[in-house]
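Q: Please find the sequence and the predicted model below.
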Amino acid sequence: MLPLRERFPAPAVMGVVNVTPDSFSDGGTFLDPAAAIAHGLKLAAEGADVLDVGGESTRPGSDPVPLEVELERVLPVIDGLARQTEVPISIDTVKAEVAEQAIRAGAALVNDVTALRHDPAMAEVVAAAGVPVCLMHMLGEPKTMQDAPQYDDVVAEVSAFLTERAAFARSSGIDPGQICVDPGIGFGKTIDHNLALLRHLDRIAAIGPPVLVGASRKSFLGVLTGQPLEGRDVATVAVNLAAVRRGAWMLRVHAVRPTRDALAVSAAIEAVA
Ligand code: HH2
């Protein structure tokens, strides 16, 4: 399989399709499979390179979702999208069983916010299917991760974690070219931690694997701008342009159009001799 960087040349865009009643930014909006599929097709038409389907919220304070419930939410959406668009589908899950069934239904990437730590069977499922995997940093668990996150040096610690996880993924038989890493903006991080990771994203990129960044509509943008959730897409674009300049490869966003437009303008300027 083509390495991720060649298959999805930077800067690539991942559109979020949350099939949950409680996601922080769009919970409940797309719980009906038909609505979720229609939303995914809209994001594909707007230029998403990947559609990330998730059935379990990982917002701060959220509770885990039982296996059967998660499967019921994501499988019809993945199946429907896979039939109606060529855009590859990613499954956002920490459960090996969900990943396995999602891949059978048409998913082509696994996005694991625990970086293969939650479910001991996950690495094997990914390796056996030969699909790409995203390894994300999270301090603690969603239920408690924002209580009082502390680091001596957040960039160094997140870099060391992602380096170790990428080595673990390789040692589990996952193709090195199919691994990407993610600093996990908002996952056990204060505003200052998020900003430091974005400011020094080049150090995360220097680890080696392509870097995914998921800052879309997150609460630190609300604090910085005073905007409610629905007003954070301009701030999201600003973060994403800064991230791309520092080496981000793929941007995970709820609104694909604004990020695509900003990237087009930025690329046109950079292309001038
Ligand atoms: N953020 C969220 C979920 N999955 N995956 C990666 N790789 N990186 C992220 O930053 C990331 C992620 C949280 O955002 P969202 O899906 O909108 O909310 P929720 O978890 O509440 O469904």
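A: Now that the structure is in, tell me what you want to look at. Numbers count the residues shown, from 1 in each chain.
Q: closest point of the protein to the ligand, which residue?
A: residue 214 (2.2 Å; CB to the nearest ligand atom). Where you see a C-beta, it was placed from the backbone N, CA and C, and this is true even at glycine.
Q: That residue touches residue 181, doesn't it?
A: No. Residue 214 lies out of contact with residue 181 (CB atoms under 8 Å); the separation is 11.8 Å.
Q: shared neighbours of the two, anything?
A: Residues touching both residue 214 and residue 181 (CB atoms under 8 Å, 6 or more residues apart in numbering): residue 136.
Q: Figure out the helix or strand that residue 111 lives in.
A: Using DSSP states H and E, the element containing residue 111 is strand 109-112.
Q: so who does the residue of the chain closest to the ligand touch?
A: Residue 214 touches 14, 136, 182, 184, 185, 186, 251, 252, counting by CB under 8 Å, 6+ apart.
Q: didn't the fifth one look like it was pressed against residue 195?
A: No. Counting by CB under 8 Å, residue 195 is not a contact partner of residue 185; they are 9.7 Å apart.
Q: So the two - more neighbours on which side?
A: residue 185 (23 against 17; other CB atoms under 10 Å).
Q: Could you find the closest non-adjacent residue to that one?
A: residue 215 (4.6 Å; CB to CB, 6 or more residues apart in numbering).
Q: what's the neighbour count on that neighbour?
A: 25.
Q: Next, it: secondary structure please.
A: Here residue 215 takes the coil state, with states given by DSSP: H, G, I helix; E, B strand; the rest coil.
Q: ok, back up a step: so for the strand holding residue 111, what's the average pLDDT?
A: Throughout strand 109-112, pLDDT has a mean value of 98.
Q: helices or strands up against it?
A: For strand 109-112, the elements it packs on are strand 50-54, strand 89-92, helix 96-105, helix 122-129, strand 133-136, judged by 3 or more CB pairs under 8 Å, 6 or more residues apart in numbering; DSSP states H and E.
Q: Output the ones you listed in TSV; the columns should cover mean pLDDT.
A: Listed next are the helices and strands packed on strand 109-112 as TSV, based on pLDDT from 0 to 100:
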stretch	mean pLDDT
strand 50-54	98
strand 89-92	98
helix 96-105	98
helix 122-129	98
strand 133-136	98
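Q: May I see these organised as JSON lines, with mean neighbour count and distance to residue 147 added?
A: Shown next, in JSON lines, are the helices and strands packed on strand 109-112 (neighbours: other CB atoms under 10 Å; distance: least, CB to CB, whole Å):
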{"stretch": "strand 50-54", "mean neighbour count": "26", "distance to residue 147": "23"}
{"stretch": "strand 89-92", "mean neighbour count": "28", "distance to residue 147": "23"}
{"stretch": "helix 96-105", "mean neighbour count": "22", "distance to residue 147": "27"}
{"stretch": "helix 122-129", "mean neighbour count": "20", "distance to residue 147": "26"}
{"stretch": "strand 133-136", "mean neighbour count": "28", "distance to residue 147": "19"}
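Q: could you redo those as a markdown table and give each row distance to the ligand?
A: Shown next, in a markdown table, are the helices and strands packed on strand 109-112 (distance: least, CB to the nearest ligand atom, whole Å):
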| stretch | distance to the ligand |
| --- | --- |
| strand 50-54 | 5 |
| strand 89-92 | 5 |
| helix 96-105 | 14 |
| helix 122-129 | 14 |
| strand 133-136 | 4 |
